[in-house]
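*Asks:* let's see this in three dimensions:
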Amino acid sequence: MEQGYLQVDVVSDTSSFPIQNADVSIASSENPERILDHLTTNSSGQTENVTLDAPDRELSLHPGEIRPYSEYNVTITAPGYEPVVIKGSEILAGTTSVQFVRLHPLANRDRAVENIVIPAHTLYGEYPPKIAESEIKPTSETGEIVLSRVVVPQTIVVHDGLPSNSSAKDYYVPYRDYIKNVASSEIYATWPEATIVANVLAIMSFTLNRVYTEWYRNKGFDFTITSSTAYDHKWIYGRNIYETISVVVDDIFDSYLSRPGVKQPILTQYCDGKRVSCPEWMAILQVRIHGKKPYFMRVSWLSIR
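*Replies:* Below you'll find the predicted structure:
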């Protein structure tokens, strides 16, 4: 057993201002009644880093049948706000996890509790495989809406379900936060930096292809992308993100992959290379860029293998 680290960041849902003196309690998901740590947020709405047990790092470097992360329940309360309970916040060995929490102001005297359940990581749980699509979308079809240039959006509208599920909720998510959430849901933050960079590039390229081609809006929908692994990437409402992934995203957030002579970002599809076989796609467990630290150009095709 090794150790990982958790910081909780609490803000108001209406103003995004940090909430000071919020009470944060942490318990293992296996024993939720036993409080392991009790923290209070500072003037920035953040707790200090708390050290928590996590499985051996080696398990996440070579994913298999054993879950390579620990799960913890985080309960947050603050005067004037509705309490939030997050179940299943994931801790990896040797990494810092940040659990962002948005508290809703009390609408009445009843303190309704918001329960957020984080499902299993995509490399550990069972999710539908990606339905194959062409990596470059045709732009000459009559009536197709396509942006005149590649634009990194401020906000992504995420449809939390299948495209056809009209009852699924839509979430307005800042672009960088969306990429960090997806990367934290689909790869492990313990991986080498070059591997994280390559996968983040693939996630951003896929996302920007959906933005550039107005893929779903052209089909009559009012969202940018879905959270279904059958169609897009796995985005998870309320999940924690990792510091190593966050730093990479902030560094290269306006980059993407494209073929020479093609302005459109590539719809970069990949699979885990083990449970799902996809020889023509990138396998996320085997990704390297030229076998060394990546070099980036805004519009260029990088050989990924």
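
*Asks:* state the number of residues packed around residue 15.
*Replies:* Residues contacting residue 15 under the criterion other C-beta atoms under 10 Å number 9. Placement of C-beta: from N, CA and C, glycine included.

*Asks:* try residue 77
*Replies:* Residue 77, neighbours per other C-beta under 10 Å, totals 17.

*Asks:* what does residue 29 give?
*Replies:* Neighbourhood size, residue 29 [other C-beta under 10 Å]: 14.

*Asks:* got the contact list for it?
*Replies:* Taking C-beta atoms under 8 Å, 6 or more residues apart in numbering, we find residue 29 in contact with 71, 72, 73, 87, 88.

*Asks:* in TSV, list the residues you listed along with secondary structure.
*Replies:* Converted to TSV, these look like this (DSSP: H, G, I helix; E, B strand; the rest coil):
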residue	secondary structure
71	strand
72	strand
73	strand
87	strand
88	strand
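
*Asks:* what average pLDDT does stretch 252-272 get?
*Replies:* Across stretch 252-272, pLDDT averages out at 83.

*Asks:* flag every buried residue along that stretch.
*Replies:* By 16 or more other C-beta atoms under 10 Å, the buried positions in stretch 252-272 come out as 252, 255-258, 264-272.

*Asks:* restricted to helices, list these.
*Replies:* Of the positions in these, residue 252 sit in helices, assigned by DSSP state H.

*Asks:* and the buried residues of stretch 252-272, which is closest to residue 134?
*Replies:* residue 267 (7.1 Å; C-beta to C-beta).

*Asks:* for that closest one, give me its contacts.
*Replies:* Contact analysis of residue 267 by C-beta under 8 Å, 6+ apart lists 133, 134, 135, 136, 137, 205, 206, 209, 210.

*Asks:* what's the neighbour count on the second one?
*Replies:* Neighbour count for residue 134, taken as other C-beta under 10 Å: 8.

*Asks:* what confidence value was assigned to it?
*Replies:* On the pLDDT scale, residue 134 gets 86.

*Asks:* for it, which non-adjacent residue is closest in space?
*Replies:* Using C-beta to C-beta, 6 or more residues apart in numbering and skipping the chain neighbours, the partner closest in space to residue 134 is residue 267 (7.1 Å).

*Asks:* okay, and the beta partners of residue 10?
*Replies:* Legend: beta-bridge partners of residue 10 under DSSP bridges are residue 101.

*Asks:* isn't it right next to residue 99, touching?
*Replies:* No. Applying C-beta atoms under 8 Å as the test, residue 10 and residue 99 come out as separate, 9.1 Å apart.

*Asks:* show me the two of the contacts of residue 29 that sit farthest apart.
*Replies:* The largest separation in these, counting by C-beta to C-beta, is between 72 and 87 at 8.7 Å.

*Asks:* out of these two, which sits in the busier spot?
*Replies:* Shown here are residue 72 and residue 87; by other C-beta under 10 Å, residue 72 has more neighbours (29 against 18).

*Asks:* so what's the more buried one closest to, chain neighbours aside?
*Replies:* Residue 72's closest residue in space is residue 89 (C-beta to C-beta, 6+ apart), at 5.0 Å.

*Asks:* tell me the strands beside the helix or strand harbouring the one you found, with direction?
*Replies:* Using DSSP states H and E, the element containing residue 89 is strand 84-91. Taking DSSP bridges as the criterion, strand 84-91 forms sheet pairs with strand 70-77 (antiparallel), strand 114-117 (parallel).

*Asks:* how about the last one: buried residues?
*Replies:* This points to strand 114-117. Neighbour-count burial for strand 114-117 flags 114, 116 (criterion: 16+ other C-beta under 10 Å).

*Asks:* show me where pLDDT drops low in the stretch 1-150 of the chain?
*Replies:* Per-residue confidence for the stretch 1-150 of the chain (pLDDT under 70) gives these ranges: 108-111, 139-146.

*Asks:* kindly recompute the last result at 80.
*Replies:* Scanning the stretch 1-150 of the chain with the threshold set as pLDDT under 80 gives 107-112, 138-149.

*Asks:* surely residue 43 meets residue 20?
*Replies:* Yes. Under the criterion of C-beta under 8 Å, residue 43 makes contact with residue 20 at 5.1 Å.

*Asks:* so residue 202 touches residue 256, yeah?
*Replies:* No. Taking contacts as C-beta under 8 Å, residue 202 lies outside contact range of residue 256: 9.4 Å.

*Asks:* center of the chain - which residue?
*Replies:* residue 181 (1.5 Å; C-alpha atoms, centre = their mean).

*Asks:* can you tell me the SS state at it?
*Replies:* Classified using three-state DSSP, residue 181 is helix.

*Asks:* next: the one 10 residues further on.
*Replies:* At residue 191, secondary structure determined by three-state DSSP is coil.

*Asks:* residue contacts, it?
*Replies:* Going by C-beta under 8 Å, 6+ apart, residue 191 touches 60, 61.
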